[in-house]
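Chemist: kindly generate the corresponding structure for this input.
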Amino acid sequence: MSPVSFAASAEAVLAHHRRAGTKLATAESCTGGMIAAALTEIAGSSDVFERGFVTYSNEAKTELLGVPAALIAAHGAVSSEVAAAMATGALARSRADMAVSVTGIAGPGGGSAAKPVGLVYIATARRGGAPAVERHVFPGDRAAIRAATALRALALLLRAPGAA
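Modeler: Down below sits the predicted model:
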């Protein structure tokens, strides 16, 4: 994705949540902070962006977000269940009103028949609400998968329920 796409998406997200008066948090695994970087690239983003967590390892997901190790063991780090727990964990450990989380297999290795390279789960959660999770299998190389994931996460924040 081009820098213009990221910038335009991030600006739209910030304007949307600024109008709604909502604060955002991110919990990122396969994107390694790309979503937070896109948001904080824009001057004045601190009135909307509350904090970001980069939880690449399973231990980080458990220690920083409170994702139960047993949940990771049962479903794998790349799962709907873990994505949902990451989003709710980001809310529990921040002052944000809404969170987005991403976990996936960006490749080029690490995939399997059940969980191919490009498989990504993206969750959004609003304080007091149940998380919503999307499953995607993005095509391309590592960079393309990570960019598509970050851009989709921004799109979900833009149309997040409960925001004005």
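
Chemist: pull out the buried residues from stretch 103-120.
Modeler: Within stretch 103-120, the residues scored as buried using 16 or more other CB atoms under 10 Å are Thr103, Gly104, Ile105, Ala106, Gly107, Gly111, Lys115, Val117, Gly118, Leu119, Val120. C-beta: built from backbone N, CA, C; applies to glycine.

Chemist: quick one: which of those has the lowest pLDDT value?
Modeler: pLDDT across the buried residues of stretch 103-120 is lowest for Gly111, at 93.

Chemist: correct me, but that one touches Val137?
Modeler: No. Using CB atoms under 8 Å, Gly111 is not in contact with Val137; the gap is 9.9 Å.

Chemist: which neighbours do those two share?
Modeler: Shared contacts of Gly111 and Val137 (CB atoms under 8 Å, 6 or more residues apart in numbering): Gly118, Leu119.

Chemist: ok so, going back, of the buried residues of stretch 103-120, which belong to strands?
Modeler: Taking DSSP state E as the definition of strands, the buried residues of stretch 103-120 contribute Thr103, Gly104, Leu119, Val120.

Chemist: low-confidence regions, the chain specifically.
Modeler: For the chain, the stretches with pLDDT under 70 are 1-4, 160-164.

Chemist: helices along that one, start to end?
Modeler: Per DSSP state H, the chain carries helices over the ranges 3-20, 34-40, 58-65, 69-75, 80-92, 142-158.

Chemist: next, the angle from the last one to helix 3-20.
Modeler: Regarding helix 142-158 and helix 3-20, their directions subtend 20 degrees when assessed with axes from the mean of the first three to the mean of the last three CA atoms, to 10 degrees.

Chemist: contacting residues around helix 142-158?
Modeler: If you take CB under 8 Å, 6+ apart as the criterion, helix 142-158 is touched by 1, 5-6, 9-10, 12-13, 16-17, 24, 26, 30-32, 34-35, 38-39, 98, 100, 102, 104, 106-108, 117-118, 120, 122, 124, 134, 136, 138-140.

Chemist: hmm, back to that, of the helices of the chain, which is nearest Asp47?
Modeler: Closest approach to Asp47 among these (CB to CB): helix 3-20, 6.4 Å.

Chemist: send me the closest one as PDB with only the CA atoms.
Modeler: Taking C-alpha atoms only, helix 3-20 is exported to PDB below (Å, rounded to 0.1, in the frame of the first residue of the first chain):
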ATOM      1  CA  PRO A   3       2.000   6.000   1.900                       C
ATOM      2  CA  VAL A   4      -0.900   8.100   0.600                       C
ATOM      3  CA  SER A   5      -3.400   5.300   1.300                       C
ATOM      4  CA  PHE A   6      -2.100   4.900   4.800                       C
ATOM      5  CA  ALA A   7      -2.100   8.700   5.400                       C
ATOM      6  CA  ALA A   8      -5.600   9.200   4.000                       C
ATOM      7  CA  SER A   9      -7.000   6.200   6.000                       C
ATOM      8  CA  ALA A  10      -5.300   7.300   9.200                       C
ATOM      9  CA  GLU A  11      -6.500  10.900   8.800                       C
ATOM     10  CA  ALA A  12     -10.000   9.700   8.200                       C
ATOM     11  CA  VAL A  13      -9.900   7.500  11.300                       C
ATOM     12  CA  LEU A  14      -8.600  10.300  13.500                       C
ATOM     13  CA  ALA A  15     -11.200  12.800  12.200                       C
ATOM     14  CA  HIS A  16     -14.000  10.200  12.700                       C
ATOM     15  CA  HIS A  17     -13.000   9.400  16.300                       C
ATOM     16  CA  ARG A  18     -12.200  13.000  17.100                       C
ATOM     17  CA  ARG A  19     -15.800  13.900  16.200                       C
ATOM     18  CA  ALA A  20     -17.100  11.000  18.300                       C
END
